[in-house]
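Asker: Give me a model of this one.
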Amino acid sequence: MMATTPAKTTSLAQAKQDDLPTTCSLWSAFDKMQLCYTLLPQSRYYYKYGTLKDCTAAREEFFFCARMKSKPRAVAAQLIQEREEAKRIKKIVHRPSQGVWEIREAPAEDFPPSGSDPVPSLL
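Answerer: Take a look at the predicted model:
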């Protein structure tokens, strides 16, 4: 493995920072918030999970974008980049599949399945 030099680490961090958006669309945020509250997505979510979908994140995103319109561009760009970086970190750390799978130390007791036919007949 190659060792990462401080200059290279800084350039990678800068490249990541440059990759983040510096603006947010108020119309896009409004559309996402409105779509979250509509009947079809709410009914699908209710069918799948048994509760109504929480649209707090979409509402907060809309109000955040609305607040950024009154800030100077440089300040708004910095705040938007910080928020996007926090969202990326949260997405990586709080994956929905975490805690679902357990790592096995040994294969399952009934694996491979016993029987003469290794592939079960579909008919």
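
Asker: Contacts for the lengthiest helix in the chain, please.
Answerer: Secondary structure assigned by DSSP state H gives helix 73-93 as the longest helix of the chain. If you take CB atoms under 8 Å, 6 or more residues apart in numbering as the criterion, helix 73-93 is touched by 17, 20-24, 64, 68-69, 71. Every residue, glycine included, has its C-beta placed from N, CA and C.

Asker: Would you check the distance separating it from the middle of the chain?
Answerer: From the chain centre to the centre of helix 73-93 is a distance of 13 Å (CA atoms, centre = their mean, to the nearest Å).

Asker: what is the mean pLDDT for it?
Answerer: Averaging pLDDT along helix 73-93 gives 91.

Asker: Which strand or helix spans residue 24?
Answerer: Using DSSP states H and E, no element contains residue 24; it sits outside every helix and strand.

Asker: Report the buried residues of the longest helix of the chain.
Answerer: Buried residues in helix 73-93, defined by neighbour count with 16 or more other CB atoms under 10 Å: 76-77, 79-81, 83-84.

Asker: before we move on, what about stretch 60-67?
Answerer: For stretch 60-67, a neighbour-count test (16+ other CB under 10 Å) marks 61-62, 65 as buried.

Asker: what would these look like in a markdown table with secondary structure, distance to residue 90 and pLDDT?
Answerer: Shown next, in a markdown table, are the buried residues of stretch 60-67 (DSSP: H, G, I helix; E, B strand; the rest coil; distance: CB to CB, whole Å; pLDDT from 0 to 100):
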| residue | secondary structure | distance to residue 90 | pLDDT |
| --- | --- | --- | --- |
| 61 | helix | 13 | 95 |
| 62 | helix | 18 | 96 |
| 65 | helix | 18 | 94 |
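
Asker: Include distance to residue 102 when you put those into CSV, please.
Answerer: Converted to CSV, the buried residues of stretch 60-67 look like this (distance: CB to CB, whole Å):
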residue, distance to residue 102
61, 35
62, 39
65, 41
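
Asker: Run through the residues that contact the spatially closest residue to residue 37 that is not a sequence neighbour.
Answerer: Take residue 37 and drop its neighbours on the chain: the residue closest to it by CB to CB, 6 or more residues apart in numbering is residue 55, 5.6 Å away. Contacts for residue 55 were tallied using CB under 8 Å, 6+ apart; they are 33, 36-37.

Asker: Fine, thanks again, bye for now.
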